[in-house]
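> When you get a sec, could you give me coordinates for this:
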Amino acid sequence: MRNRIYYMLAVLFILTSCYSKKNKITKAEFENPNSLSIKLVNGYWFNGNTFENKTAWVSKGILSFNNENAVNDTIIDLKGMYVVPPFAEAHNHNLESDYKLKERIDSYLDNGVFYVKLLSSIKKRIDPLMHNYNKPDRIDVSLAHAPLTATGGHPVALRKRFLEYGRFEGLFNTLEEIESHGYFIIDDIEDLEKKWSQVLSFEPDFIKIMLLFSEEYEKRKNDTTYFGNKGLNPELVPEIVKKAHQNNLRVSAHVETAYDFHIAVKAGVDEIAHLPEIDNGNSISLKDAILAKERGIIVTTTTSLVTKKREDPNYNELLNNISANLKLLKEAEVKIAIGSDMYNDNSVGEFQFLYDLGIFSNLELLKMWCENSSMTIFPNRKIGHLKEGYEANFLVLDSNPLDDIREINNSIVLKVKQGMILE
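This next block holds a predicted model:
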C-alpha cells in the first residue's frame, strides 16, 4: 500500500510540474508497473483524424476506454493535454553494435520513438545486445538480419569495407566468412532453393531484398566496376516473395530507381524500403503507385539521405524528384512510413525534413509517423492507434500537433509504454 501511495504522489508531481519542466519527467519507481491500474481523465485522445476528450484506463499494459467498473490504483489528470501513439523509425541500422548504443537508445526514447526497424544486421553481432530491446521500458526492434543480394551486389562492398576497418574483429576474418551472416548471395533459383533453409534458420522477422538498377542487371552482373552497385536478378523477386509469404514473412525491398520500384511492386513485396533517389530524373509511374496502393504496399521515405549530397551540382534536381515522387504517392493514397536510414540520426530528422518539404498536412505527417510506421514494423501487434484493447503505448503532449507539429518532440511531457511510465 505504501509503495502505491508513493507512486500516486510521484505521478501527481509529474503531472503538476510538466508545464514548467517540460521533458524533465522522472519515472516513479515501482517494482511491477503493469500490475497497476491507472485511470486517465481530462485528456484529448487522437482517434486517427482528430482529438476527442475521453477517459481512459490502463490495466496490465492494455488500453481501454470502457472500463467504468475498474478498481484504479491511481488517477492521472491530464489537464487538457493531447495524447498520441508513439513514433517509430521504419528504417535504420544503428542498433547493431555497442558503439554509442546507450546514446542511440536514449535518443530514440527521449524523442518518443518506441519502435525501430533494422533493415539488416549481423545476428552474431546483435545477439549479445538483445537484452536492450523488446521490453516494456525499452525500445522494440524488428530484424531482417542478412539481406538477399547477387554476387558483388550491395551490401557486399560495404561489408568488405567494414571488415578492412576492423569493425568485425572477433567475428570474421575474411569476406567469405561474412556471407550468410552479412548477406546471402542468390544468383539463381538453385541458390534460392539451396540457401532458403539457412535464411530461415536466422529467424528473421522479415526478409530484406536488394534491387539496384534492375534495368541494367545484365550490363552490371559480371562487371566488377559495379561492385556494390547492383542487386538481385529482377526475375527472381517473385519467387523470393512467394517463398517468404509461404513462411509468413513480409518482404522489404531496397530500391534505387523507378524501375526497381516497378519490379518490387509487380512482385508483390510488402514494403519499399527507400523512396527511389534517381539521378536521371525518372519518377515513379502513376500506374505503379496505384498498384502499390491496391496491394497495401507501404513506402518508407528515407528522403533526408539526399542532404548528404548538398554539394552535388544536381542537388536541387534530386530534391525536386523526391518531391515529385512524394506528391505522386500522396495522390495515389499509398501508405507512407517515416524512416531515415541515417546511422547517426533517427526518424526525428527525417520527420523534420518531410515537414520542411511542405507536401503533407500536419494530420498526414502524424499518421505517417505514428500509424503507418508502426504498422510496417510490427504488423501483427495492436499498436499505432489508441483503441480499445491496444497496447498502452502513448505520448502526452502539451500542445495540439494538428495546429503546430514542427516541434512535436519538444512538446512531450509524458511517455507510457505497455502501461509503464518512462523517464
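> which stretches of the stretch 251-400 of the chain form helices?
258-267, 286-294, 315-331, 347-357, 362-367, 373-377 (DSSP state H, counting those that start in this stretch).
> again, but for the stretch 101-250 of the chain
Listed in chain order, the helices of the stretch 101-250 of the chain (DSSP H, counting those that start in this stretch) span residues 101-110, 123-126, 156-165, 175-178, 189-201, 217-220, 237-246.
> and of these, who's closest to residue 337?
helix 101-110 (15.8 Å; Cβ to Cβ). Every residue, glycine included, has its C-beta placed from N, CA and C.
> How far off centre is the closest one?
Chain-centre distance of helix 101-110: 15 Å, with Cα atoms, centre = their mean, to the nearest Å.
> And stretch 306-325, by the same measure?
Relative to its chain's centre, stretch 306-325 lies at 23 Å (Cα atoms, centre = their mean).
> Mean confidence (pLDDT) on that stretch, please.
Averaging pLDDT along stretch 306-325 yields 91.
> Between its first and last residues, what's the separation in that stretch?
14 Å (Cα to Cα, to the nearest Å).
> Now do the buried residues in it.
Using 16 or more other Cβ atoms under 10 Å as the test for burial, stretch 306-325 gives 306, 318-319, 321-322, 325.
> Same question for stretch 413-423.
Here stretch 413-423 shows 413-422 as buried, counting by 16+ other Cβ under 10 Å.
> Save those as TSV, and put in pLDDT, secondary structure and distance to residue 177 too.
Shown next, in TSV, are those (pLDDT from 0 to 100; DSSP: H, G, I helix; E, B strand; the rest coil; distance: Cβ to Cβ, whole Å):
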residue	pLDDT	secondary structure	distance to residue 177
413	96	strand	49
414	95	strand	47
415	96	strand	41
416	94	strand	44
417	94	strand	38
418	92	coil	39
419	91	coil	44
420	89	strand	41
421	89	strand	45
422	90	coil	40
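> Was I right to think residue 227 contacts residue 152?
Yes. The criterion here is Cβ atoms under 8 Å, and residue 227 meets it with residue 152 at 4.9 Å.
> More neighbours: which of these two?
Counted by other Cβ atoms under 10 Å, residue 227 and residue 152 do not tie: residue 152 has more neighbours, with 20 against 15.
> Quick check: the more buried one touching residue 228?
Yes. Assessed by Cβ under 8 Å, residue 152 is found in contact with residue 228 at 7.1 Å.
> Please report how far residue 200 lies from residue 249.
Using Cβ to Cβ, to the nearest Å, residue 200 is found at 8 Å from residue 249.
> who's more crowded, these two?
residue 249 (18 against 14).
> so who does that one touch?
204-207 (Cβ atoms under 8 Å, 6 or more residues apart in numbering).
> can you redo the residues you listed as TSV with neighbour count and distance to residue 395?
Shown next, in TSV, are those (neighbours: other Cβ atoms under 10 Å; distance: Cβ to Cβ, whole Å):
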residue	neighbour count	distance to residue 395
204	22	29
205	17	24
206	20	26
207	26	31
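> closest to residue 103 among those?
Of the contacts of residue 249, the one sitting nearest to residue 103 (Cβ to Cβ) turns out to be residue 205, at 24.6 Å.
> need the contact list for that closest one.
Contacts of residue 205 (Cβ under 8 Å, 6+ apart): 142-144, 249.
> where does it land on pLDDT?
For residue 205, the pLDDT comes out at 98.
> again with residue 282
For residue 282, pLDDT reads 79.
> ok, the nearest residue in space to it that is not next to it in sequence to residue 284 distance?
Ranked by Cβ to Cβ, 6 or more residues apart in numbering and with sequence neighbours excluded, the top spatial neighbour of residue 282 is residue 258, at 4.7 Å. For residue 258, the distance to residue 284 equals 5 Å [Cβ to Cβ].
> overlap in contacts of those two?
Contacts common to residue 258 and residue 284, judged by Cβ under 8 Å, 6+ apart, are residue 276.
> These two: which has the busier surroundings?
More crowded of residue 258 and residue 284, by other Cβ under 10 Å: residue 284, with 28 against 20.
> which residues does that one contact?
So residue 284 contacts 258, 261, 276, 325, 328-329 (Cβ under 8 Å, 6+ apart).
> repeat that for 10 Å
Shown in contact with residue 284 (Cβ atoms under 10 Å, 6 or more residues apart in numbering): 255, 257-259, 261-262, 265, 272, 275-276, 278, 292, 299, 321, 324-326, 328-329, 332, 334.
> Can you turn the buried part of those into a PyMOL selection?
The buried residues among the contacts of residue 284 can be selected in PyMOL (16+ other Cβ under 10 Å) with this line:
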select buried, resi 255+257+258+259+261+262+265+272+275+276+278+292+299+321+325+326+328+329+332+334
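> Flag the shaky bits of the protein, pLDDT-wise.
Within the chain, the stretches with pLDDT under 70 are 1-35, 278-281.
> Got the domain ranges for it?
Domain ranges of the chain: 2-85+385-421, 87-377, per automatic domain parsing.
> Let me know which of these is tucked in deepest.
With neighbours defined as mean count of other Cβ atoms under 10 Å, the domains of the chain peak in mean count at domain 87-377, which reaches a mean of 19.
> For that domain, measure first residue to last.
11 Å.
> gap between it and the chain center?
Worked out by Cα atoms, centre = their mean, domain 87-377 lies 10 Å from the chain centre.
> From residue 315, how far off is residue 368?
24 Å.
> same deal with residue 386?
Here residue 386 is placed at a distance of 40 Å from residue 315 (Cβ to Cβ).
> Also residue 147?
For residue 147, the distance to residue 315 - Cβ to Cβ - is 28 Å.
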